[in-house]
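Colleague: from the sequence below, what's the structure:
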Amino acid sequence: MLKIHQIFMIKFLTLFIGALLVSSLISYLSLKEIVLNHTKIELQNSILLIALDLEKIDNLENYATKVYNQIGVRVTIIDKDGLVIAETNADKRAMENHSNRYEIMQANQEKFAHITRYSKTIGADFLYVATKIEYKDSFLYIRLATSLSKVMSDFYSLWFKLAVTFVVIILLAFYVSKIIGKRIFYDIEQITHYLNEIANKNYGAFIKTKYCYESLQISLLLKNLVKKLSNREKQKRKYTAKLRLMNKQRNDILSAISHELKNPIASIMGYAQTLQEDAQIHPQIREKFLEKIVSNGRKISLMLDRLSLSVKLENNDLELNLTTFDLKILAEEVVANLLSKYKDRQIKISIDSCILHADKTMIELVLINLLDNALKYSEREVELICHENVISVKDRGIGIQEEHIEQVSSKFYRVQKNSWDNSMGLGLSLVNHILKAHGASLKIESTFGVGSTFSFSIKSVLKN
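Modeller: Model (predicted):
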């Protein structure tokens, strides 16, 4: 199979040689016609010169010979009856009457008559030019003729020179096409190498075409394609990383669910089996066991509710139930409920009366999660502060390492050493989604070993 530069050279040379052949044929025919016309004009001019001296000439035969010797063309003089009275190239006595010859008859109608014909007398093709001239109170015909072989000899000589020129041009064209072919081949090699690099995912490969505008266009298109492929590869890697993270998160949630549900389920099963096996158990102990079963059941229900709520918030499937309420009253209720759980702890509230227009249940859940986390991971007093429309929960606990701060609010995220809530890693993720739905965001500031501050703005939900 031929290479593209070889195909180009063959096509180029074929078209060029074909064009030369066609032009050669046209020029051959045109040049031949030009040479014949030029010869006709020369003969006509020669006849006009002869006519100037003819009136003075008495011996026409000698004059014809003299003319022949001077200009080298056959001279025939014919009288008005068609008899040949002078001939330079044959015996006039053996020649037929010429009154019926085409050029003689045509000379009676036109100033000059032309014809190309085979001469039986000489045995060769001649170009004849004849005219009718007045001579001594009568008239006669002067006919000049030149051999077509001589005319064609001159033509072929000229044509040979043109043919040599054509051959030189063809050789030059072959040389030029070879150079062009090499340059095209260079550009093709560059493009091929670049494509191989792309196939090997080397998107930083370099391409430089030098000669063809089309090659430059192709290289630019390839560069744009490589840029898109590179971006797509980056997106693919990001997507793959995202899938891996999602798989890890799924594994984390399964692990978290298994871990968080194991204890309450084990408690429920233990208490239930004890009640089942001992029908005579004391009523007070039975009542205590039933309370434990209900308590653990509620804990499981709460975990599942929070997981469902997290999914709805993440998918924007939960509609907010906006109401107007006092943040101070809500905060006091939340703190009172938490202190019933953490009886030996203190929560300091620094919030003035502040009317919000938001989903009260969701804001309550935000406060519960933030305060619950603070109480779990600190042993000292926790503060709930509202300053310049920013709610902050401060603790003096173990804090969060800097590399974990951005991730702790992600869904199912858990620091290996610390579980930031007991709800499968959903607490801060819920907070994030709820605040986002209210046009706010969670800000975390923490120093490891010193404490943490979780804060958010309430400007977007303030009642005007």
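Colleague: only C-alpha atoms from now on, for both contacts and neighbour counts.
Modeller: Will do.
Colleague: which strands or helices does the helix or strand hosting Ile47 pack on?
Modeller: Assigned by DSSP states H and E, Ile47 belongs to helix 4-54. Contact partners of helix 4-54 among helices and strands, from 3 or more CA pairs under 8 Å, 6 or more residues apart in numbering; DSSP states H and E: strand 124-135, strand 138-147, helix 148-199.
Colleague: hmm, Ser392 and Leu371 touching each other?
Modeller: No: using CA atoms under 8 Å, Leu371 makes no contact with Ser392, being 9.8 Å away.
Colleague: what do those two both touch?
Modeller: Leu384 (CA atoms under 8 Å, 6 or more residues apart in numbering).
Colleague: next SSE downstream of the helix holding Ile47?
Modeller: Next along from helix 4-54, by DSSP H and E: helix 60-71.
Colleague: mind saving the C-alpha coords of that following helix as PDB?
Modeller: Output of helix 60-71 as PDB, limited to C-alpha atoms (Å, rounded to 0.1, in the frame of the first residue of the first chain):
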ATOM      1  CA  LEU A  60       9.800  35.200 -67.700                       C
ATOM      2  CA  GLU A  61      11.600  31.900 -67.400                       C
ATOM      3  CA  ASN A  62      15.000  33.400 -66.600                       C
ATOM      4  CA  TYR A  63      13.300  35.700 -64.100                       C
ATOM      5  CA  ALA A  64      11.500  32.800 -62.400                       C
ATOM      6  CA  THR A  65      14.900  31.000 -62.100                       C
ATOM      7  CA  LYS A  66      16.500  34.200 -60.700                       C
ATOM      8  CA  VAL A  67      13.700  34.500 -58.100                       C
ATOM      9  CA  TYR A  68      14.100  30.800 -57.200                       C
ATOM     10  CA  ASN A  69      17.800  31.200 -56.600                       C
ATOM     11  CA  GLN A  70      17.200  34.200 -54.400                       C
ATOM     12  CA  ILE A  71      14.300  33.100 -52.100                       C
END
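Colleague: could you give the mean pLDDT of that helix?
Modeller: Taken as a whole, helix 60-71 has a mean pLDDT of 89.
Colleague: on that earlier part again, angle of the helix holding Ile47 against helix 60-71?
Modeller: 150 degrees (axes from the mean of the first three to the mean of the last three CA atoms, to 10 degrees).
Colleague: so helix 4-54 versus strand 138-147, what angle?
Modeller: If you take the same axes, to 10 degrees, helix 4-54 sits at 150 degrees to strand 138-147.
Colleague: that older thread, tabulate the helices and strands packed on helix 4-54 (TSV), appending mean pLDDT and distance to Ile50.
Modeller: Formatted as TSV, these follow (pLDDT from 0 to 100; distance: least, CA to CA, whole Å):
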stretch	mean pLDDT	distance to Ile50
strand 124-135	88	10
strand 138-147	89	9
helix 148-199	77	22
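Colleague: mind putting the ones you listed into JSON lines with mean neighbour count?
Modeller: Listed next are the helices and strands packed on helix 4-54 as JSON lines, based on neighbours: other CA atoms under 10 Å:
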{"stretch": "strand 124-135", "mean neighbour count": "20"}
{"stretch": "strand 138-147", "mean neighbour count": "20"}
{"stretch": "helix 148-199", "mean neighbour count": "15"}
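Colleague: could you export those as CSV, including distance to Thr274?
Modeller: Putting the helices and strands packed on helix 4-54 into CSV (distance: least, CA to CA, whole Å) gives the following:
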stretch, distance to Thr274
strand 124-135, 140
strand 138-147, 141
helix 148-199, 69
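Colleague: and of those, who's closest to Ile77?
Modeller: Proximity to Ile77, assessed across the helices and strands packed on helix 4-54 by CA to CA, is greatest for strand 138-147 (4.7 Å).
Colleague: thinking again about what came up before, ok, which of the helices and strands packed on helix 4-54 comes nearest Gly82?
Modeller: Checked against CA to CA, the stretch from those lying closest is strand 138-147, at 8.5 Å.
Colleague: helices or strands next to that closest one in the packing?
Modeller: In this structure, strand 138-147 makes packing contacts with helix 4-54, strand 74-79, strand 124-135, judged by 3+ CA pairs under 8 Å, 6+ apart.
Colleague: tell me which of those sits most buried.
Modeller: When you average the neighbours per residue for each of the helices and strands packed on strand 138-147 (mean count of other CA atoms under 10 Å), strand 74-79 leads with a mean of 22.
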